[in-house]
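**Student:** everything below, folded, please.
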Amino acid sequence: MAKFTMPSLGADMDEGTLLEWLVGPGDTVRRGDPVAVVETAKSTIEVECFDTGMVAELLVEPGTTVPVGTPLALIGPSEKSPPARHAPSGSRRSEPAAPGGSPDSPAPLGSVPAPATSTPRPPGHTEAGPLARHFAERRGVDLNSLRGSGPGGRVTRADVEHAAADQPGTEPPRARVTPFARRLAAELGVDLATVTGTGRNSAIRSSDVRRAAPGSSRAGPASAVQPAPVASSSATPPSGDRTGAMRQAIADLMSRANRDIPHYYLSTAVDMAAATEWLRAHNRRSPVGERLLPAALLLKAAALGAHEVPALNGFWTEDHFTAGDGVHLGVAVSLRGGGLVAPTLHHADALPLTELMKVLKDLVTRARTGRLRGSEVSDATITVTNLGDQGVESVLGVIHPPQVALVGFGRVVDRPWAVDGLVGVRPVVTATLSADHRATDGAVGSNYLETVARLLQNPEHL
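**Tutor:** Predicted structure coming up:
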């Protein structure tokens, strides 16, 4: 039986607080499904499961703070595999089964599963999990009258819910509410009957309650992303205690980074005239949903630069450099209540500009509602910070260990600029690099900044 443990969501995380379970005993989960909400000193994160199976037991109550690595739940097989003598020839998939032989494991790409052959069952017996049976008993539904939609005709909770809703004289089933969401609704004075759930099986979660709270505001698409995104980890400002803990966590990590990492710093001014003209032309001919902000060009150039100069894209661990498995761009997001978080744009170098803009907008929107996932805050290979919208012309940041580089962009300003011997006024941005001298030297850093400048001056290649 697999253990779901408190994950490490960054180099500065030693412990976390389990805020909310998104699943319950008997629920089937797949690898990558969000199963819990965890609060760290910096933010609130949705944590994914690393196994496929059924939740056998929840080991930690919401509100409990535990060290990284502490078991939080047990994940067992989703259902028992049939004995080998009943398995028809050729019916098994070529991919190894999930723990316990779960049929929920995805088939390999390109494979065609053989037609399923069900094992004869005793008359009057219906395959159903414990959660579906419990719900059927509570709602007065006869399981033997249902046709299951699950694997092998297994009756799921959704099948029971539909049958219960169709019964004459019965009220629609009440929406499932997580315990933390129920407590939060009581504190904020939110009527749960007015809340639409966005969780598993339309369950009401804490983020749904916060959005429904009086005085809360939802950020519209136009404000979801700025050149330097500004976000909060929830719909309400963090408390003084939360802000203080966040500032302390940042101080501890940055103090360690300054102490342990021999930084060197470089900067260059980049002519943005071509990029600005290209951006205007693109936005004029594009529908609203595909228009770009300057941040998209800056981030794409930073990502492509890391692809071309891979010595800056990776980690310094155990006294040596390890290259990243792709360009996963951390984007520094300042929080309104103080502090910051750096969610990750995965494979940013391979994303088309419009897709990068779309992913970035979604990432920042979810950061504002405390719905980032663990995989989005823990595996960046290089980080970008952009303080242009704050009026800053250049920024020299501190590297986020174990990364070996941090890129900074200031605001685009009009400056005198000589082109072909003639002086004119051009839009210019200052690009900076903070790099780890153990992994690279100034020549490599200079090559990176020159690459970023070349890409921004040829935006059609981004």
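**Student:** report how many residues lie close to Ala257.
**Tutor:** 22 (other Cβ atoms under 10 Å). C-beta coordinates here come from the backbone N, C-alpha and C atoms, glycine included.
**Student:** cool, and Thr317?
**Tutor:** When neighbours are defined as other Cβ under 10 Å, Thr317 has 10 of them.
**Student:** I'd say it and Pro401 touch.
**Tutor:** No - assessed by Cβ atoms under 8 Å, Thr317 is found out of contact with Pro401, at 9.0 Å.
**Student:** all helices of the protein, in order?
**Tutor:** Listed in chain order, the helices of the chain (DSSP state H) span 130-139, 157-166, 179-188, 206-212, 221-224, 240-260, 273-285, 294-308, 353-368, 442-456.
**Student:** any idea which of these is most buried?
**Tutor:** helix 294-308 (a mean of 24; mean count of other Cβ atoms under 10 Å).
**Student:** and the contacts of that one?
**Tutor:** 225-229, 272, 275-276, 279, 312-313, 327, 329, 331, 345, 348-349, 351, 353, 356-357, 360, 381-382, 384, 386, 388, 405, 407, 409, 412, 429, 448-449, 451-452, 455-456, 459, 462 (Cβ atoms under 8 Å, 6 or more residues apart in numbering).
**Student:** give me the pLDDT for Leu146.
**Tutor:** In this prediction, Leu146 carries a pLDDT score of 80.
**Student:** give the contact list for it.
**Tutor:** With Cβ under 8 Å, 6+ apart, Leu146 has these contacts: 126, 155, 159-160, 163.
**Student:** about what we covered before: let me have the helices of the chain in JSON lines, extended by distance to Gly421 and mean pLDDT.
**Tutor:** Shown next, in JSON lines, are these (distance: least, Cβ to Cβ, whole Å; pLDDT from 0 to 100):
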{"stretch": "helix 130-139", "distance to Gly421": "76", "mean pLDDT": "65"}
{"stretch": "helix 157-166", "distance to Gly421": "72", "mean pLDDT": "69"}
{"stretch": "helix 179-188", "distance to Gly421": "65", "mean pLDDT": "78"}
{"stretch": "helix 206-212", "distance to Gly421": "58", "mean pLDDT": "82"}
{"stretch": "helix 221-224", "distance to Gly421": "42", "mean pLDDT": "33"}
{"stretch": "helix 240-260", "distance to Gly421": "44", "mean pLDDT": "79"}
{"stretch": "helix 273-285", "distance to Gly421": "16", "mean pLDDT": "96"}
{"stretch": "helix 294-308", "distance to Gly421": "27", "mean pLDDT": "97"}
{"stretch": "helix 353-368", "distance to Gly421": "33", "mean pLDDT": "87"}
{"stretch": "helix 442-456", "distance to Gly421": "20", "mean pLDDT": "98"}
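**Student:** tell me which of those sits nearest to Pro62.
**Tutor:** helix 179-188 (5.0 Å; Cβ to Cβ).
**Student:** the closest one - contacts with which helices or strands?
**Tutor:** strand 15-21, helix 206-212 (3 or more Cβ pairs under 8 Å, 6 or more residues apart in numbering; DSSP states H and E).
**Student:** which residues does that helix contact?
**Tutor:** 19-21, 37, 62-63, 177, 190-192, 195, 204-206, 208-210, 213-214.
**Student:** angle of it against strand 15-21?
**Tutor:** 80 degrees (axes from the mean of the first three to the mean of the last three Cα atoms, to 10 degrees).
**Student:** isn't Thr198 up against Arg210?
**Tutor:** No - using Cβ under 8 Å, Thr198 makes no contact with Arg210, being 11.6 Å away.
**Student:** tell me which residues touch Phe4, please.
**Tutor:** Phe4 sits in contact with 35-36, 49-51, 71-75, where contact means Cβ under 8 Å, 6+ apart.
**Student:** now do Val429 against Leu462, distance only.
**Tutor:** 14 Å (Cβ to Cβ, to the nearest Å).
**Student:** so for these two, which residue has more residues nearby?
**Tutor:** Val429 (27 against 20).
**Student:** count the neighbours of the residue nearest to Ala380 when sequence neighbours are not counted for me.
**Tutor:** Nearest residue to Ala380, sequence neighbours excluded (Cβ to Cβ, 6 or more residues apart in numbering): Gly330, at 3.1 Å. Using other Cβ under 10 Å, the number of residues around Gly330 comes to 25.
**Student:** swap in the one 4 residues further on?
**Tutor:** Applying the criterion other Cβ under 10 Å, we find 18 residues in the vicinity of Ser334.
**Student:** thought it was touching Leu340?
**Tutor:** Yes - using Cβ under 8 Å, Ser334 is in contact with Leu340, at 4.9 Å.
**Student:** list the contacts of the nearest residue to Leu9 once chain neighbours are set aside.
**Tutor:** Distance criterion Cβ to Cβ, 6+ apart; nearest residue to Leu9, sequence neighbours excluded, is Ser378 at 5.0 Å. Neighbour list for Ser378: 7-10, 344 [criterion: Cβ under 8 Å, 6+ apart].
**Student:** can you check Gly326 too?
**Tutor:** The contact partners of Gly326, taken as Cβ under 8 Å, 6+ apart, are 346-347, 349-350, 381.
**Student:** quick one, phi psi at it?
**Tutor:** Main-chain dihedrals, Gly326, degrees, to the nearest 10: phi 170, psi 170.
**Student:** could you break this structure into its assigned domains?
**Tutor:** 2-76, 179-212, 223-461 (automatic domain parsing).
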